[in-house]
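[1] Sequence and predicted structure, then a few things I'm wondering about:
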Amino acid sequence: MSYPFSTFTIESPVESTQEALEGYLLESALVDLEQLTLAKKIQARQEGPLLMVLLQLSFIDLQQFNRLLDWNVSSKFLAANQSEQTADRYAQAAEWREWPEAAIG
């Protein structure tokens, strides 16, 4: 007996957090696309946090940096919580798929 099977892609919380941060920076007009592109290039070379690069380049000030750190921490918490909930859903789906065979068993 076969069951329908779905493929799921789980994003790394770090990647999705960085993408969310980039979107927030652009939407809130804290930086423009040119500044963000330059900061990302430097970030790739230095392998450091985007927020630190933005501060080093003076694209954001200390107050903005502080607020963005708070936003970033809460965003990572939400991403981790969503990943945990997704893992729970996968476990429940796996149990559901196994149940008919165990009942027939």
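    All right, it came through fine.

[2] Low-confidence ranges, the chain, go.
    Applying pLDDT under 70 to the chain flags residues 1-15, 75-105.

[3] one more time with 80
    1-16, 72-105 (pLDDT under 80).

[4] Buried residues, stretch 45-53. List them.
    For stretch 45-53, a neighbour-count test (16 or more other Cβ atoms under 10 Å) marks 50-51, 53 as buried. Every C-beta, even on glycine, is put in place using the N, C-alpha and C of the backbone.

[5] Quick check: phi and psi on Phe65?
    Per-residue torsions, Phe65: phi -60, psi -50 (degrees, to the nearest 10).

[6] Going forward, the N-terminal residue is numbered 9.
    With the count now opening at 9, the last piece we talked about shows up as Phe73.

[7] Check which helix or strand the residue lying closest to it once chain neighbours are set aside maps to.
    Computed as Cβ to Cβ, 6 or more residues apart in numbering, the closest residue to Phe73 that is not its neighbour in sequence is Leu63, at 4.9 Å. For Leu63, the host element (DSSP states H and E) is helix 58-64.

[8] likewise Leu33?
    Short version, using DSSP H and E: Leu33 is in helix 21-35.
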